[in-house]
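Enquirer: Provided below are the primary sequence and the corresponding predicted coordinates.
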Amino acid sequence: MALVITDETPPAGYERLVHVEDVESGLDAFICIHSTACGPAAGGCRMWNYASLDDARRDVLRLAEGMTCKNAIADLGLGGGKSVIIGNSRTDKSEALFRAFGRAVDSLGGLYYTAEDVGITPDDMAIVASETPYAVGLNSGAHASGDPSPFTAEGVFQCLRVGAEQVFGSADLTGKRVLVQGLGHVGMALAEKLHAAGAVLIVSDLNQNAVKRAQTDLGAEICSPEEVFSQQMDIFAPCALGGILTAETVARLTAKVVCGAANNQLATPDIAGHLRARGISYLPDYVVNGGGIISVAGEIHRRGENYRRERLAGIAERIRRILALSQSSGKTTTEVASDMVADILAQASSRRVLA
Ligand code: NAD
């Protein structure tokens, strides 16, 4: 049976939701376009063993909306979208599956650009790209941008310096105790930059090889995942999972700045208020971790190194403005960032109506 692409009615505020099935290859996926107000939608493809179709649908909706905010605030001329493939990324991958997914992306005619997310590698994306020009984050090709993680780490590092300057009066990180939770692609690169900048590192990861490497190469102190929130630290850099900031963990957090790569760090939106009440500067995740999508945007727009560098510097400037506006207005940093996104989207929509 051929590829079956079914348009589902998206929730209010969303532009498109398609369910994609290909019995032959076993592909079962969703592609969601939340908004194209700022340009074609862009966002990674996640492969995950969802317990149900509903779980996958919920996730793709949530992630696509997040990409609208991330892409709008990074000023990339891109809208928000995301895709999820239901399956085990260790056992269910095949060339046929990624080719079928590539044909599904292609059928949207450029409304959506896909790239790597959890469970998807540049090699997988190269197969997708054999069926569509709308697959990016590739390792080879004229404008290939490769692994986005080093750019994410650089953006987080620059924002972290802005946060330090605002809270401690200096961007100099010498002697500052910084806890990096998660030493994966982004966390390890960030830890290396922090070490080079003279910070005292505390690290935590389930992967013992990663923590040992940080201990040996970067002189890091190690703490177990359960001990993270009982550590003495100046800055907390979450680079593992989302949802780690709860009323309970924020009450114990000794850091004065939170700045990390992990998506959806706040368990619920009201946690921004808890952080503010405790005098902790929270640098909104989707602003801070935009370096990776900036790198991918360079590939989409066929732009060179300068584009990446300027947009990365733009993230740090935006964080500076968000922190200043939060202080002067009494709003939380997440409220200020949401207001900015709403303004950008409103302006983009009115430009579209006029065009
Ligand atoms: P990764 O999978 O390479 O690394 C995650 C690391 O976290 C792994 O080493 C894992 O062992 C560790 N980990 C998992 N649970 C943990 C726990 N309870 N305590 C401590 N460590 C734990 O992922 P990544 O690409 O480095 O991304 C890190 C985070 O940043 C993710 O939330 C991701 O969504 C987000 N992010 C990444 C990028 C990017 O460019 N890679 C861009 C934007 C956002």
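Expert: Nice, thanks for sending it over. Worth saying up front: this structure is predicted, and the values here are computed from it rather than measured.
Enquirer: Quickly list the domain ranges of this protein.
Expert: Domain assignment for the chain by automatic domain parsing gives 4-63+79-129, 149-291+317-341.
Enquirer: Just list the residues touching the closest residue to the ligand within the chain, thanks.
Expert: Proximity of the chain to the ligand (CB to the nearest ligand atom) peaks at Gly184, 1.7 Å away. C-beta here means a position set from N, CA and C on the backbone, and glycine is covered the same way. By CB atoms under 8 Å, 6 or more residues apart in numbering, Gly184 lies in contact with 149, 205, 207, 210, 239-240.
Enquirer: repeat for Tyr286
Expert: Tyr286 touches 66, 69-70, 73, 263, 337, counting by CB under 8 Å, 6+ apart.
Enquirer: any idea which helix or strand carries it?
Expert: Assignment of secondary structure by DSSP states H and E places Tyr286 within helix 285-288.
Enquirer: starting at the chain centroid, how far to that helix?
Expert: 7 Å (CA atoms, centre = their mean, to the nearest Å).
Enquirer: Buried residues of that helix, list them for me.
Expert: 285-288 (16 or more other CB atoms under 10 Å).
Enquirer: So what pairs up with Tyr282 in the strands?
Expert: In this entry, Tyr282 is beta-bridged to Val258, by DSSP bridges.
Enquirer: what about it, distance to Arg320?
Expert: 15 Å (CB to CB, to the nearest Å).
Enquirer: which of these two has more neighbours?
Expert: Tyr282 (27 against 15; other CB atoms under 10 Å).
Enquirer: give the contact list for that one.
Expert: Counting by CB under 8 Å, 6+ apart, Tyr282 has contacts 245, 258, 266, 272, 275-276, 332-334.
Enquirer: Only C-alpha atoms, please: export the lowest-mean-pLDDT helix or strand in the chain in PDB.
Expert: Least confident helix or strand, the chain: helix 333-354 with a mean of 90, by mean pLDDT, DSSP states H and E. Extracted in PDB, the C-alpha atoms of helix 333-354 (Å, rounded to 0.1, in the frame of the first residue of the first chain):
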ATOM      1  CA  THR A 333      11.400  36.700  32.100                       C
ATOM      2  CA  THR A 334       9.100  34.200  30.500                       C
ATOM      3  CA  GLU A 335       6.200  36.700  30.400                       C
ATOM      4  CA  VAL A 336       8.600  39.300  28.800                       C
ATOM      5  CA  ALA A 337       9.800  36.700  26.200                       C
ATOM      6  CA  SER A 338       6.100  35.600  25.500                       C
ATOM      7  CA  ASP A 339       5.200  39.300  24.900                       C
ATOM      8  CA  MET A 340       8.100  39.600  22.500                       C
ATOM      9  CA  VAL A 341       7.000  36.500  20.500                       C
ATOM     10  CA  ALA A 342       3.400  37.700  20.400                       C
ATOM     11  CA  ASP A 343       4.500  41.100  19.000                       C
ATOM     12  CA  ILE A 344       6.800  39.500  16.400                       C
ATOM     13  CA  LEU A 345       3.900  37.100  15.300                       C
ATOM     14  CA  ALA A 346       1.400  39.900  15.200                       C
ATOM     15  CA  GLN A 347       3.700  42.100  13.000                       C
ATOM     16  CA  ALA A 348       4.500  39.100  10.700                       C
ATOM     17  CA  SER A 349       0.800  38.300  10.300                       C
ATOM     18  CA  SER A 350      -0.200  41.900   9.500                       C
ATOM     19  CA  ARG A 351       2.600  42.000   6.900                       C
ATOM     20  CA  ARG A 352       1.200  38.900   5.400                       C
ATOM     21  CA  VAL A 353      -2.300  40.300   5.200                       C
ATOM     22  CA  LEU A 354      -1.000  43.500   3.500                       C
END
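Enquirer: Show me the contact partners of it.
Expert: 35, 37-38, 68-69, 72-73, 75, 266, 269, 272, 276, 281-284, 286-287, 318, 322-323, 325-326, 329, 331.
Enquirer: residues of stretch 339-355 that come out buried?
Expert: Buried-residue list, stretch 339-355, by 16+ other CB under 10 Å: 340-341, 344-345, 348.
Enquirer: Oops, could you answer that again for stretch 4-19 instead?
Expert: 5, 10, 14-19.
Enquirer: Equivalent analysis for stretch 192-212, please.
Expert: So, applying 16+ other CB under 10 Å, buried residues of stretch 192-212: 192-195, 197, 199-205, 210-211.
Enquirer: who's in contact with it?
Expert: Stretch 192-212 has contacts (CB under 8 Å, 6+ apart) with 153-154, 157, 160-161, 172-184, 187-188, 191, 214-215, 217-225, 227-228, 231, 233, 235, 237, 240.
Enquirer: touching the ligand at all, it?
Expert: Yes. Judged by CB under 6 Å from any ligand atom, stretch 192-212 comes into contact with the ligand at 204-207, 210.
Enquirer: Check stretch 107-125 too.
Expert: No. Residues of stretch 107-125 are not located near the ligand by CB under 6 Å from any ligand atom, the shortest gap being 6.5 Å.
Enquirer: then that stretch to PDB, C-alphas only?
Expert: What follows is stretch 107-125, C-alpha atoms only, in PDB (Å, rounded to 0.1, in the frame of the first residue of the first chain):
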ATOM      1  CA  SER A 107       4.300  16.400  -0.200                       C
ATOM      2  CA  LEU A 108       3.900  19.600   1.900                       C
ATOM      3  CA  GLY A 109       5.700  21.500  -0.900                       C
ATOM      4  CA  GLY A 110       8.200  23.400   1.400                       C
ATOM      5  CA  LEU A 111       5.700  24.500   4.100                       C
ATOM      6  CA  TYR A 112       7.900  22.500   6.500                       C
ATOM      7  CA  TYR A 113      11.600  21.900   6.800                       C
ATOM      8  CA  THR A 114      12.700  18.900   8.900                       C
ATOM      9  CA  ALA A 115      16.000  18.200  10.700                       C
ATOM     10  CA  GLU A 116      17.400  16.000  13.500                       C
ATOM     11  CA  ASP A 117      15.900  15.800  16.900                       C
ATOM     12  CA  VAL A 118      16.000  13.100  19.600                       C
ATOM     13  CA  GLY A 119      16.600   9.700  18.100                       C
ATOM     14  CA  ILE A 120      17.500  11.000  14.600                       C
ATOM     15  CA  THR A 121      21.100  11.300  13.300                       C
ATOM     16  CA  PRO A 122      22.500  13.200  10.300                       C
ATOM     17  CA  ASP A 123      22.800   9.800   8.500                       C
ATOM     18  CA  ASP A 124      19.000   9.300   8.900                       C
ATOM     19  CA  MET A 125      18.400  12.800   7.600                       C
END
